[in-house]
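Colleague: structure of the sequence below:
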Amino acid sequence: MSDPSAGNGLPPIPAGFGLPFFYGTFTNIGFDFLLRDPAEKKAVTDLLRQDAAGRHLTPALFDDSVCLSFNYQLYFGQFGSGFGVTQETELNVIARPAADAGHGPRLTYAQYAHGEDQTRRLGNCRVHVACDNDLAIDAGVKLFNEPKHKAGFQHTLPVPNATTLDPKAADRWKVVCGKDGTASSDGTFTHENTYFSFDADLGGLTGQPVSAAPFTEYGSRTESDSTHTRPLGAPLNVFSPYTWYDLGDGEDPMDLTVGGAEPQGRSKAFLDLVADRRPAGAWTYQSPPVAAQNRPYWVRTA
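Modeller: Prediction:
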């Protein structure tokens, strides 16, 4: 890898990969947690310092609170000679480059959630990523040095084909992340084989369309001609608005449970900070259907 200061500032793309990667469909739900206690804020800073990219970042501040965010993704990718379906969860610290920490707007959490950071310097530094697709794991590690680990999933999602069978499914999200290869024949995981799970019912809540994307994802890459690791910033663009739910008041609609499986990577430190805490906000995205097979009708024969 050449020194970006001597070229155009773009690291090369590893052989066998191409960017941008286009998502055929995308289902996404995330939750944000605000931490104000000094000990918790120090723990978040420590999480960043354990990451090659995070050592160049500082936690974003929203009215003196730092933000931890996790999200679940289900997406479909089409390739010239194949396709892939991927599920993953990202555990993130919302952070910004330490070198320009004094620049950009000072935002409240609600302003950030609405997408008012037009600099996009506030982004996701991944503490842990659990994923069920080997190709996606390989790409994440080689392109961005993601802390990505193999896992399995069981989900219940409010996708259109679920709500045609059960209208009550329109607002229910349930995801279990478990040890890869340990699911039973019906797809379920025992508590001992579960890393964590969440169950969220957003029914009765009013969501707001927000301009949250593009999301800056912070990663890193080791230069090929040295052992020096440099931070990367990569935008993930979603071409339609997200829906954001303000969870600051009322009943907590989300239950996050830590399972009995031995934690992967730095996931335990992250989950310990948020497992018993009420999220400040939730955000969702569901790709619209592009085609539909409709109900048949009887054709006259005489």
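Colleague: can you map out the helices along the stretch 101-250 of the chain?
Modeller: Secondary structure of the stretch 101-250 of the chain (DSSP state H, counting those that start in this stretch): helices located at 109-113, 134-144, 160-163.
Colleague: for Lys174, find the nearest of the ones you listed.
Modeller: Among the helices of the stretch 101-250 of the chain, the nearest to Lys174 by CB to CB is helix 160-163 (11.2 Å). For the C-beta atoms, the positions are set from N, CA and C on the backbone; glycine is no exception.
Colleague: which other residues reach that closest one?
Modeller: Outside helix 160-163, the residues that touch it by CB atoms under 8 Å, 6 or more residues apart in numbering are 156, 169-170, 289.
Colleague: 7 Å instead, please
Modeller: Applying CB atoms under 7 Å, 6 or more residues apart in numbering, the external contacts of helix 160-163 come out as 169-170, 289.
Colleague: same thing with stretch 248-255?
Modeller: With contact meaning CB under 7 Å, 6+ apart, stretch 248-255 is reached by 31, 198-202, 205, 247, 278-280, 282.
Colleague: next: stretch 136-156.
Modeller: Contact partners of stretch 136-156, identified using CB under 7 Å, 6+ apart, comprise 14, 17, 52, 74, 86-88, 126-132, 172, 174-183, 187-189, 195, 217, 219-221, 232, 234, 264-266.
Colleague: just the buried subset of those, please.
Modeller: Neighbour counting with 16 or more other CB atoms under 10 Å marks 52, 74, 86-88, 126-132, 172, 174-179, 183, 189, 195, 217, 219-221, 232, 264-266 as buried within those.
Colleague: so how do I select the buried members of the contacts of stretch 248-255 in PyMOL?
Modeller: Burial among the contacts of stretch 248-255 is assessed by 16+ other CB under 10 Å; the matching PyMOL selection reads:
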select buried, resi 31+198+200+201+202+247+279+280+282
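Colleague: quick one: the contacts of stretch 248-255 as JSON lines, columns for pLDDT and distance to Val66 too.
Modeller: Formatted as JSON lines, those follow (pLDDT from 0 to 100; distance: CB to CB, whole Å):
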{"residue": "Phe31", "pLDDT": "98", "distance to Val66": "15"}
{"residue": "Phe198", "pLDDT": "97", "distance to Val66": "21"}
{"residue": "Asp199", "pLDDT": "97", "distance to Val66": "25"}
{"residue": "Ala200", "pLDDT": "96", "distance to Val66": "22"}
{"residue": "Asp201", "pLDDT": "95", "distance to Val66": "27"}
{"residue": "Leu202", "pLDDT": "94", "distance to Val66": "25"}
{"residue": "Leu205", "pLDDT": "93", "distance to Val66": "25"}
{"residue": "Leu247", "pLDDT": "95", "distance to Val66": "17"}
{"residue": "Arg278", "pLDDT": "95", "distance to Val66": "16"}
{"residue": "Pro279", "pLDDT": "97", "distance to Val66": "14"}
{"residue": "Ala280", "pLDDT": "97", "distance to Val66": "11"}
{"residue": "Ala282", "pLDDT": "97", "distance to Val66": "18"}
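Colleague: most widely separated two among the contacts of stretch 248-255?
Modeller: Checking the contacts of stretch 248-255 with CB to CB, the most distant pair is Asp199 and Ala280, at 18.3 Å.
Colleague: hang on, the earlier thing: filter the contacts of helix 160-163 down to the ones in strands?
Modeller: The members of these all map outside strands under DSSP state E.
Colleague: what is the nearest of the residues you listed to Asp63?
Modeller: Ala170 (33.3 Å).
Colleague: pull the number of nearby residues for Ala43.
Modeller: For Ala43, the neighbour count with other CB atoms under 10 Å is 17.
Colleague: can you read off the pLDDT for the closest residue to it other than its chain neighbours?
Modeller: Leaving aside its chain neighbours, Ala43 sits nearest to Leu273 (6.1 Å; criterion: CB to CB, 6 or more residues apart in numbering). Confidence at Leu273, expressed as pLDDT, is 97.
Colleague: quick check: phi and psi at Leu273.
Modeller: Main-chain dihedrals, Leu273, degrees, to the nearest 10: phi -80, psi -20.
Colleague: number the residues from 418 up from this point.
Modeller: Sure, I'll start counting at 418 from here, so that last one is Leu690.
Colleague: what is the helix or strand hosting Phe487 packed up against?
Modeller: Assigned by DSSP states H and E, Phe487 belongs to strand 483-496. Applying 3 or more CB pairs under 7 Å, 6 or more residues apart in numbering; DSSP states H and E, we find strand 483-496 packed against strand 442-452, helix 455-466, strand 499-514, helix 684-691.
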